[in-house]
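*Asks:* Return a 3D structure for these sequence lines:
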Amino acid sequence: MLSKEQLKVVLFGDACTQVTDPIAKASQFFQLVQLTYGDTHPMYTVENYPNFFRVVPSEAAFNLARVALLRHFNWTRVGTLYQSSPRYALPHSKLLTDLETAKIEIAAQQGFVDEVKSAVSKLKVNIHPIRWSRL
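*Replies:* Sure, this is the predicted structure:
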């Protein structure tokens, strides 16, 4: 594709990071715009990938809504549960900062890799040790 002298305007990317990433890195060198329809990985920022655009929000973009929801219900103490992969750990880290800024106490946080049941149990015990330790 690159060896042909036809005008290239945009690259239509993939939904998975394994495919999107090399295309996003290469497209910058050819001043090509890349559009993805489904990749929500938070590493694709305007600063790092100025030619990268998506039609779905980044995982990190949901933090504003999460904090707004907590404020709507006047919740001032929360626990967080997140998948321990960069795609979700990075926005979770930013969420913790956003919660602290909003003066919302983080009672506990629990990550998991594949199995979520034990992570939920640990989260419950960390939030309410007396109530859940008997289970």
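*Asks:* now stretch 94-106, how far from the centre of its chain.
*Replies:* 16 Å (CA atoms, centre = their mean, to the nearest Å).
*Asks:* Just the buried positions in that stretch, please.
*Replies:* Leu95, Leu96, Asp98, Leu99, Ile104 (16 or more other CB atoms under 10 Å). Every residue, glycine included, has its C-beta placed from N, CA and C.
*Asks:* can you check stretch 115-126 too?
*Replies:* Applying a neighbour-count criterion of 16+ other CB under 10 Å, the buried positions in stretch 115-126 are Ala119, Lys122, Leu123, Lys124, Val125.
*Asks:* Next: stretch 71-89.
*Replies:* So for stretch 71-89, counting by 16+ other CB under 10 Å, buried means Val78, Gly79, Thr80, Tyr82, Tyr88.
*Asks:* Same question for stretch 15-23.
*Replies:* Neighbour-count burial for stretch 15-23 flags Thr17, Thr20, Asp21, Ile23 (criterion: 16+ other CB under 10 Å).
*Asks:* State the distance from the second one to Val56.
*Replies:* Taking CB to CB, to the nearest Å as the measure, Thr20 falls 12 Å from Val56.
*Asks:* Quickly list what's touching both of the two.
*Replies:* Residues touching both Thr20 and Val56 (CB atoms under 8 Å, 6 or more residues apart in numbering): Asp39.
*Asks:* thinking again about what came up before, any idea which of the buried residues of stretch 15-23 is closest to Ser3?
*Replies:* Checking the buried residues of stretch 15-23 against Ser3 by CB to CB gives Ile23 as the nearest, at 16.8 Å.
*Asks:* So the closest one is in contact with Val10, correct?
*Replies:* No: the pair Ile23 / Val10 is not scored as a contact, 11.4 Å apart, by CB atoms under 8 Å.
*Asks:* Touching both of the two, which residues are there?
*Replies:* The contact sets of Ile23 and Val10 overlap at Gln34 (CB under 8 Å, 6+ apart).
*Asks:* All good on my end, thank you.
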